[in-house]
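Participant: Structure for the following, please:
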Amino acid sequence: MTSEQVLPLGVLDLATESDGSTSAQTLAETTELAQHEIDLIAEFGARVAAFEIKSASAPSVKDARHLIWLRDSLPAEQFAGGVVLHTGRHRRWLERDIEAVPIAALWG
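Facilitator: Below is the predicted model:
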């Protein structure tokens, strides 16, 4: 599966999982923020969670570089966490507050 095929699936599933319980909740696909592309940003009040969706089965820190940039650019209390969704089978931490999670976890 290519990134172009995986990204829409991840965005749709994350939007479906969003319960809408927070009135200021925003789920938005993003383009470039100061030359850092992030696939998806979810805002929950003053907190931000960010997602990268990769077709790789074993993502590395390099795949999370834009999430790291966002984490380091925001006040610590504002960054809720970052997730690199991938096609592999294993979940693991890539960096502080940034985790690699199999995209299949969205389905159960």
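
Participant: Run through this structure and note the low-pLDDT ranges.
Facilitator: For the chain, residues meeting the criterion pLDDT under 70 lie at 1-34.

Participant: Repeat the analysis, applying 50 as the threshold.
Facilitator: By pLDDT under 50, the weakly predicted segments of the chain are 1-3, 5-16, 20-32.

Participant: What ranges does it have for its helices?
Facilitator: If DSSP state H is used as the criterion, the helices of the chain fall at 3-17, 65-73.

Participant: tell me which residues form a beta bridge with residue 101?
Facilitator: Beta-bridge pairing for residue 101 (DSSP bridges): residue 85.

Participant: Tell me, how many residues neighbour residue 75?
Facilitator: Neighbours of residue 75 under the rule other CB atoms under 10 Å: 7. Bear in mind the C-beta positions are built from the backbone N, C-alpha and C, glycine included.

Participant: list the contacts for residue 82?
Facilitator: 49-52, 64, 67-68, 70-71, 95, 97-99 (CB atoms under 8 Å, 6 or more residues apart in numbering).

Participant: what's near enough to touch the nearest residue to it once chain neighbours are set aside?
Facilitator: Nearest non-adjacent residue to residue 82, counting by CB to CB, 6 or more residues apart in numbering: residue 67, 3.5 Å away. Contacts for residue 67 (CB under 8 Å, 6+ apart) come out as 38, 50, 52, 82-84, 95, 98.
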